[in-house]
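>>> the following comprises the amino acid sequence and a computationally predicted model.
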Amino acid sequence: MQRIIKNNAVVDETWHLLPKDFNIDEITNCDDYIVPLQLWREHSRMLLARDGGLGVWLDADEEAEEIGEDVESFQVIALNFPAFTDGRNYSNARLLRDRYGFKGELRAIGDVLRDQLFYMHRCGFDAFAVRPDKDPYEALEGLKDFSVTYQAATDEPLPLFRRR
């Protein structure tokens, strides 16, 4: 079972992250699923009618605006980082938290490494599925890399000079 970082602790993963080519007929009524955006677009009514938890995941080339009006339908929104050098989903995280007011779990998935966690958290992420070859306990320490931030962000809306 995969372990993820959630709310500053390492926990067992309980959600099923579905691939883009998943067959909708295989979805059960009571499991918790994080579905790809395309599956959400095509089958939103059926997915909402289920008893299990519902989340959606966006790839780096998909935009938060595509689910902006639907954020209250999801308990989890996962944003995929296909490569650690691809930062497009940092912007999506800020939009989901700041513009669309998403209050649920915002999870980073894909090529997620310790060095990114502090900045991801600043943008609104509160859960991280680190790369399978990395230790989540080691990565958890990345949230403590800095004690003071200067810039305003989702986690601290005031810049340092306004907090003094």
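Arrived safely.
>>> let's verify the most centrally placed residue in the chain: helix, strand, or coil?
For the chain, the residue nearest the mean C-alpha position is Arg107 (2.0 Å; Cα atoms, centre = their mean). Secondary structure assignment for Arg107 (DSSP: H, G, I helix; E, B strand; the rest coil): strand.
>>> that one against Val76, yeah?
Yes. Using Cβ atoms under 8 Å, Arg107 makes contact with Val76 at a distance of 5.9 Å. Every residue, glycine included, has its C-beta placed from N, CA and C.
>>> can you pull the residues that touch both of the two?
Shared contacts of Arg107 and Val76 (Cβ atoms under 8 Å, 6 or more residues apart in numbering): Ile34, Gly55, Ala127.
>>> just those now: which is nearest Gly101?
Using Cβ to Cβ, Gly55 comes nearest to Gly101 of the shared contacts of Arg107 and Val76, at 16.7 Å.
>>> shouldn't the closest one be within a helix?
No. Counting by three-state DSSP, one finds Gly55 to be strand, located in no helix.
>>> how close does it get to Ser147?
Separation of Gly55 from Ser147 (Cβ to Cβ, to the nearest Å) stands at 32 Å.
>>> between the two, who's got more neighbours?
Shown here are Gly55 and Ser147; by other Cβ atoms under 10 Å, Gly55 has more neighbours (22 against 5).
>>> what about the more buried one, distance to Leu37?
11 Å.
>>> and if you look at Arg99?
18 Å.
>>> more neighbours, those two?
Between Arg99 and Leu37, counted using other Cβ under 10 Å, Leu37 has the larger neighbour count: 16 against 12.
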